[in-house]
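>>> Test case, fold it:
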Amino acid sequence: MLEITDLRKVYEDGTVAVDGLCLSVKAGEIFVLLGANGAGKTSTIMLILGFTEPTAGCVTLNGVDVQKDPLTAKKHVAYVSENVTLYGNFTARQNLEFFTNLTGRTNVTEEEYRAAFLRVGLAENAFHRRVSGFSKGMRQRLGIAIAILKNSELIVLDEPTSGLDPKGGFEFLEIISQLKAEDKAILMSSHDIFRAKAIADRIGIMRNGQIIEILDKERIKTADLEKIYIECMKEITAGATSAKVQ
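Next comes the predicted model:
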């Protein structure tokens with residue numbers, strides 16, 4: 001579903017944010033990009049979404065090249081950021097309608113809006129409440145409801161559980177697991193080892209714009225992920241403290 005080939009992003013100051021990245025995520029799979037802040041996770045996501053242009057390489061969504069046909073490519077992906085941007089003066093219901101209309105879906109019924117809202121664990125009495133009074137966890141859930149209504153094959157989540165309490169984080173991952181069961185391809189960035197281990201089919205450990213190691217489901221279950229992660233965070237060569245264009 002998602003195919004990334006030799007992807008590279010170099011910013012104007014010479015910083016290499018993404019460095020020769022190759023990655024695929026198929027339908028019914030949860031792939032977690034695990035890495036510290038500055039590892040290149042968010043830059044990778046911005047390239048997948050077509051929000052920034054690559055220096056080299058290619059991203060395709062369901063066979064559509066993001067750079068060559070961005071409007072068609074965007075139909076195949078829904079995005080939930082760490083801090084979901086919503087209109088605070090709108091009610092939850094109004095936000096659902098507004099953002100769903102932006103995706104091109106203009107014939108969504110009231111029952112569909114309500115079903116998506118309730119599915120993500122939001123209380124029915126919040127359906128017509130203004131979002132300005134929502135907690136971060138409620139906003140994250142509403143962002144997932146919007147992604148569900150878009151009905152894209154790929155869902156991309158950037159640090160979706162950051163700042164959530166343990167209960168909220170667990171419930172959020174349960175929703176993601178349900179979407180996987182519906183054959184959605186899911187790419188999630190995280191710096192949380194334990195939540196990554198709890199949900200991922202595969203984990204890619206990222207550092208300096210590169211995926212250093214990929215762990216499959218069996219290895220995730222049996223290996224000491226924290227130890228592997230710490231080892232991957234060590235510099236491979238002495239003095240390689242940052243990725244810059246020479």
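>>> in which helix or strand would I find residue 197?
Using DSSP states H and E, residue 197 sits within helix 193-199.
>>> And for that helix, what's in contact with it?
The contact list for helix 193-199, computed with CB atoms under 8 Å, 6 or more residues apart in numbering, reads 30, 32, 34, 161, 169, 173, 176-177, 188, 190, 203, 220, 225-226, 229. In this view, the C-beta of every residue, glycine as well, is placed from N, C-alpha and C.
>>> in the sheet, who's paired with the residue most central in space within the chain?
Most central in the chain under CA atoms, centre = their mean is residue 157, positioned 1.9 Å from the mean C-alpha point. Per DSSP bridges, the residues bridged to residue 157 are residue 80, residue 188.
>>> show me the contacts for it.
Counted by CB under 8 Å, 6+ apart, residue 157 has contacts 79, 80, 176, 186, 187, 188, 189.
>>> any chance of those residues in JSON lines, plus distance to residue 125 and neighbour count?
JSON lines is the format used below for the contacts of residue 157 (distance: CB to CB, whole Å; neighbours: other CB atoms under 10 Å):
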{"residue": "79", "distance to residue 125": "28", "neighbour count": "22"}
{"residue": "80", "distance to residue 125": "23", "neighbour count": "23"}
{"residue": "176", "distance to residue 125": "25", "neighbour count": "20"}
{"residue": "186", "distance to residue 125": "30", "neighbour count": "24"}
{"residue": "187", "distance to residue 125": "33", "neighbour count": "26"}
{"residue": "188", "distance to residue 125": "30", "neighbour count": "27"}
{"residue": "189", "distance to residue 125": "33", "neighbour count": "25"}
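>>> could you show me where the helices are in this structure, in order?
41-48, 70-74, 92-102, 110-119, 136-150, 166-181, 193-199, 217-222, 225-233 (DSSP state H).
>>> Which one of the ones you listed lies nearest to residue 55?
helix 41-48 (9.7 Å; CB to CB).
>>> Give me the helices and strands touching that closest one, please.
strand 2-10, strand 16-25, strand 56-61, strand 154-158, strand 185-190 (3 or more CB pairs under 8 Å, 6 or more residues apart in numbering; DSSP states H and E).
>>> Output those strands in TSV; the columns should cover distance to residue 216 and mean pLDDT.
Output for the helices and strands packed on helix 41-48, formatted as TSV (distance: least, CB to CB, whole Å; pLDDT from 0 to 100):
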stretch	distance to residue 216	mean pLDDT
strand 2-10	17	97
strand 16-25	13	96
strand 56-61	23	97
strand 154-158	20	96
strand 185-190	16	96
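>>> Need those in a markdown table (columns: distance to residue 116).
As requested, the helices and strands packed on helix 41-48 are exported to a markdown table (distance: least, CB to CB, whole Å):
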| stretch | distance to residue 116 |
| --- | --- |
| strand 2-10 | 23 |
| strand 16-25 | 23 |
| strand 56-61 | 22 |
| strand 154-158 | 13 |
| strand 185-190 | 17 |
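>>> Just put the helices of the chain in a markdown table and tack on distance to residue 9 and mean pLDDT.
Putting the helices of the chain into a markdown table (distance: least, CB to CB, whole Å; pLDDT from 0 to 100) gives the following:
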| stretch | distance to residue 9 | mean pLDDT |
| --- | --- | --- |
| helix 41-48 | 6 | 96 |
| helix 70-74 | 16 | 94 |
| helix 92-102 | 26 | 96 |
| helix 110-119 | 34 | 96 |
| helix 136-150 | 24 | 93 |
| helix 166-181 | 26 | 89 |
| helix 193-199 | 23 | 92 |
| helix 217-222 | 28 | 94 |
| helix 225-233 | 21 | 90 |
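>>> Nearest to residue 207, out of these?
helix 225-233 (6.2 Å).
>>> Name the residues of the closest one that are buried.
Buried residues in helix 225-233, counted by 16 or more other CB atoms under 10 Å: 225, 228, 229, 232.
>>> Return the distance of it from the chain's centre.
Helix 225-233 sits 22 Å away from the centroid of its parent chain (CA atoms, centre = their mean, to the nearest Å).
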